[in-house]
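> Turn this into a model:
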Amino acid sequence: MKAIGDPAPDFALPDHEGRTVRLSDLLADGKVVLAFYPADFTPVCTAQACMMRDAHDRLTEAGVRVVAVSPQSRDSKSRFRKRHNLSQVMLADPDRIAIKAFGVGLPLGLVRRVSFLIDADGTIRDRVVADFRVAPHKRLLERASDDARR
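Model (predicted):
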């Protein structure tokens, strides 16, 4: 798994609308929180997604983008985003391109709940691994917005 201080691997994945999104393009606009999660519509993943939605304005004001990645399809991302009025970019990774590159996959096709804070230069500055809890990921978002405002 990628660690703090490592360079973030670039990737290109479809978003919830089918547009190709590259991490390098997102980083051109500033810091990115890249949040991997196991599956759309599951209870903990829904809580995490809604928490990211609720932090969206504060993060945007601080110049931080939030991007969520899981292995479900673009159509699933679109439905998930619409049902919960999510504001973050949702990326579909059914071929596990970013999942493998960041080392967040598990046996049997499962994905760990891991959030990375990536600086505009592509360096991972913070990381949280908490498979069954959302609170540590919320604290990473708080640190990201607080650090960006300084």
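> For the residue most central in space within the chain, give me its contacts.
Geometric centre of the chain, nearest residue: Ala35, 2.3 Å, by Cα atoms, centre = their mean. Shown in contact with Ala35 (Cβ atoms under 8 Å, 6 or more residues apart in numbering): Gln48, Met52, Val66, Val67, Ala68, Val69, Arg113, Val114, Ser115, Phe116, His137. (Glycine included, C-beta is placed from N, CA and C.)
> cool, Arg125 as well?
Counting by Cβ under 8 Å, 6+ apart, the residues that Arg125 touches are Ile4, Lys31, Leu117, Ile118, Asp119.
> at 10 Å what do you get?
Ile4, Gly5, Ala8, Lys31, Phe116, Leu117, Ile118, Asp119, Arg143, Ala144, Asp147 (Cβ atoms under 10 Å, 6 or more residues apart in numbering).
> Heading C-terminal from the longest helix along the chain, find the next helix or strand.
If you go by DSSP state H, the chain has its longest helix at helix 43-61. Using DSSP states H and E, the helix or strand that follows helix 43-61 in sequence is strand 64-70.
> Could you pull out the buried residues of that next one?
Going by neighbour count (16 or more other Cβ atoms under 10 Å), the buried part of strand 64-70 is Val64, Arg65, Val66, Val67, Ala68, Val69, Ser70.
> other SSEs contacting that strand?
helix 23-27, strand 31-36, helix 43-61, helix 74-83, strand 89-92, helix 97-102, strand 114-118, helix 135-149 (3 or more Cβ pairs under 10 Å, 6 or more residues apart in numbering; DSSP states H and E).
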